[in-house]
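Q: This is the structure alone, sequence omitted:
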Ligand code: SF4
């Protein structure tokens, strides 16, 4: 299969803090699948390292919220550009599936931080996970990878 993956899950240093933390469950997929790493926040023009961002509003992204960084600057346009560019990659390469990093304001599929920068998670999606799913791309997070994939 051709699988789009959050670049940080492969250990690429794309995280907001510039650290590199690979996920063994995703690395093991390299034996059987073509993995295509993308970082929506970098594709959206944000630097690395960068300030932490969260979706304001307490319910993740539904298409009308704002994404703010920890200093109060509005980064919504960067997040939208990153999501649209990631969707373009998914379409160009005709991926079968996307595996995205849980809890991220871009990549989170089931839970994201609530916008208060207090560490509280709420059910909801990151911007890229929302845009991919809305456009017919199947999305899993790294905790949902089936054992037989
Ligand atoms: Fe990883 Fe996604 Fe955050 Fe980039 S935007 S560092 S791929 S979780």
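A: Ah, there it is. Since this is a predicted model, take the numbers as computed values, not measurements. Numbering: from 1, shown residues only.
Q: same question for stretch 17-32, mean pLDDT?
A: Stretch 17-32 shows a mean pLDDT of 96 in the predicted model.
Q: How about the most centrally placed residue in the chain, nearest residue that isn't a chain neighbour?
A: Residue closest to the average C-alpha location in the chain (CA atoms, centre = their mean): residue 107, at 1.7 Å. Excluding its sequence neighbours, the residue lying closest to residue 107 (CB to CB, 6 or more residues apart in numbering) is residue 100, at 3.8 Å. Heads up, the C-betas are built off the backbone N, CA and C, glycines and all.
Q: For that neighbour, name its beta-bridge partners.
A: In this entry, residue 100 is beta-bridged to residue 141, by DSSP bridges.
Q: Distance check, the residue nearest to the centre of the chain against the ligand.
A: 4 Å (CB to the nearest ligand atom, to the nearest Å).
Q: quick one: that residue is in a strand?
A: No - going by DSSP: H, G, I helix; E, B strand; the rest coil, the assignment for residue 107 is coil, not a strand.
Q: show me what contacts it?
A: Applying CB atoms under 8 Å, 6 or more residues apart in numbering to residue 107 gives the contacts 6, 40, 100, 101, 126, 128, 129, 141.
Q: these two touch, right, the fifth one and residue 110?
A: Think residue 126. No - assessed by CB atoms under 8 Å, residue 126 is found out of contact with residue 110, at 9.9 Å.
Q: the more surrounded of the two?
A: Between residue 126 and residue 110, counting by other CB atoms under 10 Å, residue 126 is the more crowded of the two (34 against 18).
Q: Quick check: closest non-adjacent residue to the more buried one.
A: Nearest to residue 126 is residue 108, by CB to CB, 6+ apart, at 3.9 Å.
Q: Quick check: residues of the chain near the ligand?
A: 6, 7, 8, 14, 15, 39, 40, 41, 101, 104, 106, 107 (CB under 6 Å from any ligand atom).
Q: what two of the residues you listed are the furthest from one another?
A: Greatest spatial distance among the residues of the chain next to the ligand (CB to CB): 15 and 40, at 12.4 Å.
Q: Mind checking which of these two has more residues around it?
A: residue 40 (33 against 19).
Q: My guess is the more buried one contacts residue 105. True?
A: No - between residue 40 and residue 105 there is no contact under CB under 8 Å: 9.6 Å.
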